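Engineer: Provided below for reference: sequence and predicted model.
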Amino acid sequence: MTEIVPTGWTYASAPESREIVRIADRYGHFVGGEWLEAAETYETIAPRDEEVLAAVGQGTQADVDRAVAAARGAYADGWSSLPGSERAKYLFRIARLLQERSREFAVLESLNGGKPIKESRDVDLPLAAAHFFYYAGWADKLEYAFPNRRPKAIGVAGQIIPWNFPLLMLAWKIAPAIACGNTVVLKPAETTPLTALLFCDVLRQAELPAGVVNIVTGDGRTGAAIVEHEDVDKIAFTGSTEVGKAIQRELAGSGKKLTLELGGKAANIVFDDAALDQAVEGIVNGIYFNQGHVCCAGSRLFVQESVYEPLVAKLKRRLATLRVGDPLDKNTDVGAINSAAQLEKIRELVASGEEEGAEIYQPPCTLPEQGYWFAPTVFTNVAQSYRIAQEEIFGPVLSVLTFRTPDEAVEKANNTPYGLSAGVWTEKGSRILWMAQRLRAGVVWANTYNRFDPTSPFGGYKESGFGREGGRHGLEPYLDFEESEAFGG
Ligand code: NAI
Ligand code: MG
C-alpha cells in the first residue's frame, strides 16, 4: 500500500505566547460591578496538560441571591429605561474592546478550553465581537424590528452556557439581552470560566453600569439556583438535552420565559454530483472543528452510494493530514478534549460502535501523553440503529452511512430525536431547496458547513430545543410585547 502522507514532512512548532494573559490565582464572582469573595472554590485546569490555572468560585445560593438582587437593582435603576441609543454605546464599546484584546482572549480560551488557537483567534473572538456590534445596532431600533407590537424589556435574565464556545456563547446570550434593556446573571460552564471572568474586565473598561451584567461561576448546582430563583424572569440555556429537559420541567407553570439550545446529531448529506474535494473540506470542518464539541456538528455523514468509495478514500487521506496537539500551536487543527468526563463519554461511545460492528479508522497520529486527547475517528459500516448513529458523541467522531435517492436521504437524516442543523452538498440549486424544505433542522447549510453570522438565526427543532438566537429573531426571547390596537399604535 502506498503511504497516505509522505513521511518526513514535519512542522516546526509555532506556539502562541501565553505571556499576554495574566491569570489570577483565585477568582470570586462578579456581582454589582465588584468582585465578591467566593466562599467555596474549585480548580480550573488546562485540558492540554492538566495544569491548574486558577481557583474559581463555586457559586452558592447566597451568591446567586446577591447577583439576582444586583441585576434587579440595575434593571429598575435606569438600565431598562435608558434610551436604546445610549444602551447601544455600551455594546459598541464592549465589541471594540473585545477586538482590541482579542489575542489575549484567544490565548486564554485555548488554554482553558483546549481548542486550537487558530479557531479561537479566527472564529470565536471575531464572532463574539460581531455579536455585540450587531445587537448594538438593534438597541435603538426595537420599535422598527417589531412594528405595532410595543416591545419592552422583560427584566432579569438568567443565562447558563456550556464549555464548547465559552466566550462566544456568552456573547450570544448577553448581547441581545442587554440590547433589549434587560439585566443579566450568567453562569459559565464549570470547566471554562476564565474568559467570562476576563470579560468582567472588559465590562469595567466599557463602564457598563454596575449590576447590568453579573457573572457567577460554579457547576450545575449554581445553574439550578439561577433557574429556580423567583426573581429571575427569563432563562436562556445552552447545554445537554438532559439538563434542558430538567429545566423545562422545573419552569413549567412558573411564567418564566425559556429558550433552550440543546444537542444535535446533524446529517451532512453528499450527493453524487457534489464537488467531492470541496465536500471533504466541509465534512472535516463539520466534525473535527473544535474537536467535534459542537452542537451542530455534522456527525452523521450520508453519502450517495455511487460516490461512496472515492469520497471515503479522499476523506481518510485528508484525515491523515490533520495535526492533533497543543492548542496554543498555530499549526494545530484538532486540540485537546475539554475534560476528563467528556473524554470518557467519547471513549465509551466509540467502544460501543466497535462492539456493534462498525469499522473504525483513525489516521496514524501520536497523541500527547498528558492531558485529554482523542484521535480524529471515522466509522464506516454504520447502521442507523447503532448508538454512534443515534447519540450525540460531542467528539471528533464521524459515522458514515449511505443512501440512494433524495427521499431516502431525507428520511434517514430526519430519523433522529434532534433537529439542529444539516448540510447538503450538490451542484443543483433546485435540489438544495427541495432538501432544505424537508429537513427538520433549524439551520441547513448548502455546500458549506459550520458557517455562523450574527445576522442569521440559529436554533433547533424537537429535542434540540426551541427559541432562536442571532438575527432579529434573537431579540424576541428578550422582549415582552403589548400588542397595540390595529393602526392605533
Ligand atoms: P450540561 O448540560 O450538564 O452543562 C451545560 C451547562 O449547564 C453548564 O454550565 C452546567 O454547569 C449547567 N448545568 C448542569 N446541570 C444543571 C442544572 N441542573 N441546572 C442548571 N444548569 C445546569 O452538559 P455537560 O454535562 O457539560 O455535557 C454533557 C453532554 O451534553 C455533552 O457530552 C454533549 O453531548 C452535550 N452538550 C451539548 C452542548 C450544546 O452546545 N448543545 C454543550 C455542552 C454539552
Ligand atoms: Mg452535565
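Structural biologist: All right, it came through fine. This is a predicted model, so every value here is computed, not measured. Ligands and ions are numbered 1, 2, ... in the order given.

Engineer: Is Ser399 in a helix, a strand, or coil?
Structural biologist: Assigned by DSSP: H, G, I helix; E, B strand; the rest coil, the conformation of Ser399 is strand.

Engineer: can you check the one 3 residues further on too?
Structural biologist: For Thr402, the reduced secondary structure class is strand; criterion used: three-state DSSP.

Engineer: Could you report the distance from it to Phe466?
Structural biologist: 32 Å (Cβ to Cβ, to the nearest Å). All C-beta spots, glycine's among them, are computed from the backbone N, C-alpha and C.

Engineer: Between these two, point out the one with more neighbours.
Structural biologist: Taking neighbours as other Cβ atoms under 10 Å, Thr402 and Phe466 compare with Thr402 leading, 20 against 17.

Engineer: What score does the more buried one have for pLDDT?
Structural biologist: With respect to pLDDT, Thr402 scores 98.

Engineer: do the same with the one 10 residues further on
Structural biologist: Per-residue confidence (pLDDT) for Lys412: 98.

Engineer: Before we go further, it is sitting in a helix, right?
Structural biologist: Yes - looking at Lys412 with three-state DSSP, it is inside a helix.

Engineer: pLDDT wise, what is Cys365 at?
Structural biologist: For Cys365, the predicted pLDDT is 89.

Engineer: near ligand 1, which residues of the protein?
Structural biologist: 160-162, 164, 187, 189-190, 219-220, 223-224, 227, 238-240, 243, 246-247, 261-263, 295, 342, 345, 392, 394 (Cβ under 6 Å from any ligand atom).

Engineer: tell me which residues in the helix or strand where Arg431 lies are buried?
Structural biologist: Using DSSP states H and E, Arg431 falls within helix 429-438. Under the neighbour-count criterion of 16 or more other Cβ atoms under 10 Å, helix 429-438 has 431-432, 435, 438 buried.

Engineer: same question, stretch 19-39
Structural biologist: For stretch 19-39, by 16+ other Cβ under 10 Å, it's 21, 27-33, 36, 38.

Engineer: Keep only those of those that are in strands.
Structural biologist: 29-31, 36 (DSSP state E).

Engineer: And the furthest pair within those?
Structural biologist: Taking Cβ to Cβ as the measure, those span a maximum distance of 7.5 Å, between Phe30 and Leu36.

Engineer: any chance you could map the helices in the stretch 51-200 of the chain?
Structural biologist: 61-74, 84-100, 102-113, 117-119, 125-138, 142-145, 166-179, 194-205 (DSSP state H, counting those that start in this stretch).

Engineer: and what of the stretch 251-400 of the chain?
Structural biologist: Using DSSP H, counting those that start in this stretch, helices in the stretch 251-400 of the chain cover 276-288, 308-319, 340-356, 387-390.

Engineer: What confidence value was assigned to Trp9?
Structural biologist: 70.

Engineer: measure it to Asn331 for me?
Structural biologist: 12 Å.

Engineer: These two: who's more crowded?
Structural biologist: More crowded of Trp9 and Asn331, by other Cβ under 10 Å: Asn331, with 15 against 7.

Engineer: I figured Leu198 hits Phe105, correct?
Structural biologist: Yes - using Cβ atoms under 8 Å, Leu198 is in contact with Phe105, at 6.4 Å.

Engineer: Out of the two, name the residue with the larger neighbour count.
Structural biologist: Phe105 (28 against 21).

Engineer: can you pull the contacts of that one?
Structural biologist: 98, 120, 125, 128, 167, 195, 198 (Cβ atoms under 8 Å, 6 or more residues apart in numbering).

Engineer: if you set the cut-off to 6 Å instead, what comes out?
Structural biologist: Shown in contact with Phe105 (Cβ atoms under 6 Å, 6 or more residues apart in numbering): 125, 195.

Engineer: closest one to Asn148 among the helices of the stretch 251-400 of the chain?
Structural biologist: Of the helices of the stretch 251-400 of the chain, nearest to Asn148 by Cβ to Cβ is helix 276-288, at 41.0 Å.

Engineer: other SSEs contacting that closest one?
Structural biologist: strand 267-270, helix 308-319 (3 or more Cβ pairs under 6 Å, 6 or more residues apart in numbering; DSSP states H and E).

Engineer: do that again at 7 Å, thanks
Structural biologist: strand 267-270, helix 308-319, strand 421-425 (3 or more Cβ pairs under 7 Å, 6 or more residues apart in numbering; DSSP states H and E).

Engineer: now that helix, how far from the centre of its chain.
Structural biologist: In terms of Cα atoms, centre = their mean, to the nearest Å, the centre of helix 276-288 is set 19 Å apart from its chain centre.

Engineer: Give me the residues contacting that helix.
Structural biologist: Residues from elsewhere that reach helix 276-288 (Cβ atoms under 7 Å, 6 or more residues apart in numbering): 268, 270, 297-299, 301, 307, 310-311, 314-315, 318, 322, 333-334, 376, 396, 398, 423, 425, 447-450.

Engineer: Show me which of the residues you listed are buried.
Structural biologist: Buried among the contacts of helix 276-288 (16+ other Cβ under 10 Å): 268, 270, 297-299, 301, 307, 311, 314-315, 318, 322, 333-334, 376, 396, 398, 423, 425, 447, 449-450.

Engineer: one step back: mind giving me the packing neighbours of the helix holding Arg431?
Structural biologist: When contacts are defined as 3+ Cβ pairs under 7 Å, 6+ apart, helix 429-438 sits against helix 406-413, strand 421-425.

Engineer: Ser299 reaches Leu398, doesn't it?
Structural biologist: Yes - assessed by Cβ atoms under 7 Å, Ser299 is found in contact with Leu398 at 6.4 Å.

Engineer: Contacts only, for Met169.
Structural biologist: 161-162, 238.

Engineer: Quick one: residues contacting whichever residue of the stretch 351-489 of the chain sits closest to ligand 1.
Structural biologist: Nearest to ligand 1, among the residues of the stretch 351-489 of the chain, is Phe394, at 3.7 Å (Cβ to the nearest ligand atom). Contact analysis of Phe394 by Cβ under 7 Å, 6+ apart lists 292-293, 342.

Engineer: Kindly recompute the last result at 6 Å.
Structural biologist: Counting by Cβ under 6 Å, 6+ apart, Phe394 has contacts His293.

Engineer: What does the pLDDT read for it?
Structural biologist: Value listed for Phe394 in the pLDDT field: 98.

Engineer: before we move on, what about Ser484?
Structural biologist: For Ser484, the model assigns a pLDDT of 59.

Engineer: what's stretch 237-257 in contact with?
Structural biologist: Residues from elsewhere that reach stretch 237-257 (Cβ under 6 Å, 6+ apart): 160-162, 169, 227, 234-235, 258, 260-263, 463.

Engineer: so what's the residue most central in space within the chain closest to, chain neighbours aside?
Structural biologist: Central residue of the chain (Cα atoms, centre = their mean): Phe165, 4.4 Å from the mean position. Using Cβ to Cβ, 6 or more residues apart in numbering and skipping residues adjacent in sequence, the residue nearest Phe165 is Asp124, 6.0 Å away.

Engineer: Leu168 is in contact with that neighbour, correct?
Structural biologist: Yes - counting by Cβ atoms under 6 Å, Asp124 touches Leu168, with 4.8 Å between them.
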